[in-house]
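Peer 1: Pasted the sequence and its predicted model underneath.
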Amino acid sequence: MLRYTTQIFDMGNELEQAMRRGAFAAETLRIGICDMIAKTMIFRLLQPAQGAGLGMRLICKEGHFDDLMIALTAHQLDLIIADKGLPPGGAIRGYTHLLGSSTLTVMGHPDLCRAWPGSFPQRLKNAPFLLPGQDAAIHSQLSSWFESNELRPIVVGEFDDGALLKSFARAGTGFIVAPTVLADIVCEENALEAIGTIDAIVEHFYAVSVERRESHPAVRRILDGAAAIFGRTVKQIGQTA
């Protein structure tokens, strides 16, 4: 009852704001964001949604995938942007769209790069490294890649929050990875230098919903915008019953 009451009040507030703007077709899009995804990536993915009109209002909630899925199934969210999709054969009925994929680029503070010279990836042997938290899809893949290349870096920190991880990287605490498609931007924003690309690991980005939302103008713009970012067509790749 409390959840439905909250939704009623939210809809009332949306109606009041729409009438004030004179935009009677105003809509709200509630988006859940997995906290390990780079904020630069999220901004680039969501920015096209604002082109759906002045009546469009974005509400973004950040958190862990499982917590966001609970909110999605309770219809408190319309869409989740994550580094994983719904597992096949799961109990939750929903739709998964692959927005795009990218290899990983290793980067670090210029002083750190000079302190660990040499060819890539051997220069990372015993080097300090900052890892995404264990909930990140690429966490175990990075550990396996380190092991297969006999690098054994010194993990000085693991972070569920990508912004906090980059703060430590800016201070020269350790090397980090970022999607190659964003490498130039991440390096520029955080004063880092790229030292090599891990082609063996590919990070995927997904949009998850429990309803078919492709007809929503803002969602359609997000999907089309993702195709432009990654240079591929966004397709629905899975549906759970």
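Peer 2: Good, I have the coordinates. Numbering: from 1, shown residues only.
Peer 1: Got the confidence number for the nearest residue to Pro48 once chain neighbours are set aside?
Peer 2: Using Cβ to Cβ, 6 or more residues apart in numbering and skipping residues adjacent in sequence, the residue nearest Pro48 is Gly225, 3.5 Å away. All C-beta spots, glycine's among them, are computed from the backbone N, C-alpha and C. pLDDT for Gly225: 84.
Peer 1: Now for the protein, the helix or strand with the poorest mean pLDDT.
Peer 2: Within the chain, no helix or strand scores below strand 235-240, which has a mean of 50 by mean pLDDT, DSSP states H and E.
Peer 1: gap between the residue nearest to Pro48 and Leu112?
Peer 2: 34 Å (Cβ to Cβ, to the nearest Å).
Peer 1: for Arg93, same thing?
Peer 2: Separation of Arg93 from Leu112 (Cβ to Cβ): 47 Å.
Peer 1: Of the two, give the one with the bigger neighbour count.
Peer 2: Leu112 (20 against 12; other Cβ atoms under 10 Å).
Peer 1: still on that earlier bit, give me phi/psi at the residue nearest to Pro48?
Peer 2: Main-chain torsions, Gly225, degrees, to the nearest 10: phi -70, psi -40.
Peer 1: Is it correct that it is in contact with Gln50?
Peer 2: No. In this structure, Gly225 is not within contact of Gln50 by Cβ atoms under 8 Å, at 10.5 Å.
Peer 1: Where does pLDDT dip in this protein?
Peer 2: 3-7, 9-26, 51-55, 89-91, 211-215, 232-241 (pLDDT under 70).
Peer 1: Can you give the contact residues for the helix or strand where Glu62 lies?
Peer 2: Take DSSP states H and E as the rule and Glu62 turns out to sit in strand 56-63. Residues outside strand 56-63 that contact it (Cβ atoms under 8 Å, 6 or more residues apart in numbering) are 14, 17, 26-35, 42, 46, 49-50, 68, 71, 77, 217-218.
Peer 1: Just give me how far it sits from the chain centre.
Peer 2: Distance of strand 56-63 from the chain centroid (Cα atoms, centre = their mean, to the nearest Å) equals 13 Å.
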